[in-house]
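*Asks:* Sequence and predicted model, in that order:
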Amino acid sequence: MLRELMKRAYSGVSRRLHQGGDWFSQVGTLEWLASFVITARGLKQFTFVEVGVFKGDNAVSVVNTALGSGAAVTYVGFDLFEHNESFFASHPDDLAMYDLPEYAYFEFGSGGHAYAAVQRKLRTVLRDSDFILVAGDSTTTIPAHRLDIKMATVVFIDGCHDYDIVARDWNNIKVLFDDNNNMVVVFDDTTYSGVNQLISEIRTDGRPYGVYRLNFNQCVVAPYSLPLKERLMYRSAGLISKLRETTNRK
Ligand SMILES: C[S@@+](CC[C@H](N)C(=O)[O-])C[C@H]1O[C@@H](n2cnc3c(N)ncnc32)[C@H](O)[C@@H]1O
């Protein structure tokens, strides 16, 4: 019933999502959010900023979704693009996320996250003039590239998950709201303690934006100045993905 109501409320979006696959399985994903924002706002230009690119597969997936939704796409990705010993020496908890046998994809050994490898991947979906890969510690590279990201449509924060770094990434991104009230910020890995702590603080810091759960591991921060129907859609997406997660567990 809830699903039907949401489909009626945004029939254009749901029609597009149905074309690309199962609507119920997509709602609350980053790809769903990109497609929803483009369609609901009628965007011709979509700027996707990703803090933490790793192998670039998430970038390619979101870029493809946005192109398929009819928008021109600009992508800006921030990453170390290497196994940076000195950075990870002071962030052992974050390093422990990688090279685990149960998550084979998240390994540093293959070199799949090297700058040249990621650049090759992005070139399969975008022209060189439509993407920027910024190498280095995001706590310094984000402020240095503020002009390149000030018109961001969606910022995906998924770099280092330790509180001190993710909080600095957020602080460096949230200043963009001053001139860009249409931006939304998605956090990945909200189950990690550092990210979880930061999200709790954002929820209660009295600022003019709301935090909406997208799925068990991601949330979106959206300014209250966005249309109510858009913010309601985020709220509903969280409920639908929760229903999906419960159904899948059974
Ligand atoms: C979880 S992965 C990103 C995954 C990617 N967003 C995806 O969905 O496939 C995090 C990435 O952030 C990078 N990273 C960690 N700390 C960083 C920092 N301080 N600055 C820039 N990149 C960082 C890691 O090297 C890694 O490539």
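*Replies:* Ah, there it is.
*Asks:* contacts, neighbours, all on C-alpha from now
*Replies:* Fine.
*Asks:* Convert stretch 123-134 to CSV, retaining C-alpha atoms only.
*Replies:* Extracted in CSV, the C-alpha atoms of stretch 123-134 (Å, rounded to 0.1, in the frame of the first residue of the first chain):
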residue,chain,number,x,y,z
ARG,A,123,36.9,7.8,-19.2
THR,A,124,34.6,4.9,-20.3
VAL,A,125,31.6,7.1,-19.2
LEU,A,126,32.7,10.7,-19.2
ARG,A,127,34.9,13.0,-21.3
ASP,A,128,38.1,14.3,-19.6
SER,A,129,36.6,17.8,-19.4
ASP,A,130,33.6,16.4,-17.3
PHE,A,131,35.5,14.8,-14.4
ILE,A,132,38.2,15.7,-12.0
LEU,A,133,40.1,13.2,-9.7
VAL,A,134,41.8,14.9,-6.8
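*Asks:* pLDDT on the lengthiest helix in the chain, on average?
*Replies:* In the chain, assigned by DSSP state H, the helix with the most residues is helix 228-249. Helix 228-249 shows a mean pLDDT of 92 in the predicted model.
*Asks:* List the residues that contact the residue positioned nearest the centre of the chain.
*Replies:* Centroid-nearest residue in the chain: Phe156, 2.7 Å away (criterion: C-alpha atoms, centre = their mean). Phe156 makes contact with 48-51, 185-188, according to C-alpha atoms under 8 Å, 6 or more residues apart in numbering.
*Asks:* Now with 6 Å, please.
*Replies:* Phe156 sits next to 50, 185-187 when contact means C-alpha atoms under 6 Å, 6 or more residues apart in numbering.
*Asks:* still on that earlier bit, contacting residues around the longest helix of the chain?
*Replies:* Residues from elsewhere that reach helix 228-249 (C-alpha under 6 Å, 6+ apart): 27-28, 212-215.
*Asks:* Stretch 143-153 too?
*Replies:* 46-47, 176, 183.
*Asks:* Would you mind putting those into TSV with distance to Lys150, secondary structure and pLDDT alongside?
*Replies:* Shown next, in TSV, are those (distance: C-alpha to C-alpha, whole Å; DSSP: H, G, I helix; E, B strand; the rest coil; pLDDT from 0 to 100):
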residue	distance to Lys150	secondary structure	pLDDT
Phe46	12	strand	98
Thr47	10	strand	98
Leu176	6	helix	97
Met183	9	coil	98
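*Asks:* Phi first, then psi, for Arg127.
*Replies:* phi -70, psi 160 (degrees, to the nearest 10).
*Asks:* Count the neighbours of it for me.
*Replies:* 11 (other C-alpha atoms under 10 Å).
*Asks:* go on, the one 3 residues further on?
*Replies:* Other residues within reach of Asp130, judged by other C-alpha under 10 Å, total 15.
*Asks:* before we move on, what SS does the closest residue to it other than its chain neighbours have?
*Replies:* Of all residues not flanking Asp130 in the chain, Thr74 sits nearest, at 4.9 Å (C-alpha to C-alpha, 6 or more residues apart in numbering). Under DSSP: H, G, I helix; E, B strand; the rest coil, Thr74 falls in the strand class.
*Asks:* For Phe156, which three-state class applies?
*Replies:* With three-state DSSP as the criterion, Phe156 reads strand.
*Asks:* Could you identify which of the contacts of Phe156 has the most neighbours?
*Replies:* Highest count within the contacts of Phe156 by other C-alpha under 10 Å belongs to Phe187, 26 neighbours.
*Asks:* Could you pull up the contacting residues of Thr191?
*Replies:* Asn217 are the contacts of Thr191 under C-alpha under 6 Å, 6+ apart.
*Asks:* same check, this time on Asp162
*Replies:* Asp162 touches Gly194, counting by C-alpha under 6 Å, 6+ apart.
*Asks:* Go again with 10 Å.
*Replies:* By C-alpha atoms under 10 Å, 6 or more residues apart in numbering, the residues touching Asp162 are 91-95, 192-195, 197-198.
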